[in-house]
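Enquirer: Sequence first, predicted coordinates after that:
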Amino acid sequence: MKRIKIEQKHLSALNTLIASLKNLGFLNRNDVEFAFKNFPRHEFVPTSEQNQAYVNRPLEIMKNQTISQPGVVSRMTEWLDVKDGQCILEVGTGSGWQTAILSLLVGTGTVYSIEIHSELFEFAKKNLEKFKIYNVNLILGDGGEGYLQASPYDRIIINAACNEVPLTLFEQLKENGFLVAPMGPSSQSLVLLKKTATGITEIKNQSNYVFVPLLGKFGKKRIS
Ligand code: SAM
């Protein structure tokens, strides 16, 4: 994995963002902070958005889709509690920023990330190539259907709002595995679910998040 030197103007904005996320309780783990520093967010947004990259809000990338808000990425990542060597499924690659962060945390493990829009699939591929990451497999397709070939997964992360988690994703999750997803109509609750021998248990639930909708067969909208 390659480290990219961060210019001073971005570095001070990144440090300010990290301090603010820590203050707000959205960033608590050193490994996630390290990943934020290793994968500067401005490398994952269009050039026109780079000066906004260290503001704690989502930014439009293309096809009406967004790179997630830094505080949301840190929260979802921390909830997932990724361990070295695990196998992760990500639904909704977007810019590839969350993918890169997961790739670092999973170390010797692997991230499978599915994106439904070909333009974003190509955008994320280009962004990730800059960092020479070798433990990520990008897939163009409908993530609502999961990716059976590499299942079962230790962790699944859904990066778009769904009314309910597609059953097939639970089927592809290992027993004792975690799944994090934003669920609900206009505003979402972020939920952390665990698959146990007897069913699905909710571990955490926090309201007032806003995500773009999940598309595809199990989504709220068809792809446009
Ligand atoms: N976390 C990502 C990042 O940091 O760039 C942002 C993800 S963005 C909020 C949600 C992404 O999910 C969009 O790129 C969208 O195209 C994708 N998406 C929506 N429905 C999908 C589906 N059924 N399968 C795969 N990708 C999907």
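Expert: Happy to help now that I have it. Numbering: from 1, shown residues only.
Enquirer: Specify the local secondary structure of the residue sitting nearest the centre point of the chain.
Expert: With the centre of the chain defined as its mean C-alpha position, the nearest residue by Cα atoms, centre = their mean is Gln98, 3.8 Å away. The three-state assignment at Gln98 reads helix, by DSSP: H, G, I helix; E, B strand; the rest coil.
Enquirer: List the contacts of the nearest residue to it once chain neighbours are set aside.
Expert: With Cβ to Cβ, 6 or more residues apart in numbering as the criterion, Gln98 has its nearest non-adjacent residue at 5.3 Å, and that residue is Val73. No exception for glycine: its C-beta is placed from N, CA and C like everyone else's. Applying Cβ atoms under 8 Å, 6 or more residues apart in numbering to Val73 gives the contacts Trp97, Gln98, Ile101.
Enquirer: from what I can see the residue nearest to the centre of the chain touches Pro70, true?
Expert: No: using Cβ atoms under 8 Å as the test, Gln98 is too far from Pro70 to be in contact (10.3 Å).
Enquirer: what residues does the chain put near the ligand?
Expert: When proximity is defined by Cβ under 6 Å from any ligand atom, the chain lies next to the ligand at 65-68, 73, 91-92, 94-95, 97-98, 114-117, 120, 142-144, 159-160, 211-212, 214-216, 219.
Enquirer: any idea of the pLDDT on the most far-flung residue of the chain relative to its centre?
Expert: Largest separation from the mean C-alpha position in the chain: Thr198, at 27.6 Å (Cα atoms, centre = their mean). In this model, Thr198 is scored at 95, pLDDT.
Enquirer: Over to Ser224?
Expert: pLDDT, Ser224: 56.
Enquirer: Could you do Lys221 as well?
Expert: On the pLDDT scale, Lys221 gets 59.
Enquirer: now the residue farthest from the centre of the chain: how far from Asp154?
Expert: To Asp154, Thr198 is 19 Å away according to Cβ to Cβ, to the nearest Å.
Enquirer: Would you mark the buried spots in the longest helix that the chain contains?
Expert: For the chain, the helix that runs over the most residues, judged by DSSP state H, is helix 8-23. In terms of neighbour count (16 or more other Cβ atoms under 10 Å), helix 8-23 has its buried residues at His10, Ala13, Leu14, Leu17, Ile18, Ser20, Leu21.
Enquirer: ok now that helix, how far from the chain's centre?
Expert: Relative to its chain's centre, helix 8-23 lies at 20 Å (Cα atoms, centre = their mean, to the nearest Å).
Enquirer: Please apply the same query to stretch 42-57.
Expert: Its chain's C-alpha centre lies 16 Å from the corresponding centre of stretch 42-57 when counted by Cα atoms, centre = their mean.
Enquirer: One more: stretch 174-183?
Expert: Averaging C-alpha positions (Cα atoms, centre = their mean) puts stretch 174-183 13 Å from its chain's average.
Enquirer: Repeat that for stretch 181-188.
Expert: 16 Å.
Enquirer: So for it, what gets flagged as buried?
Expert: By neighbour count, and taking 16+ other Cβ under 10 Å as the criterion, the buried residues in stretch 181-188 are Ala181, Pro182, Met183, Gly184, Gln188.
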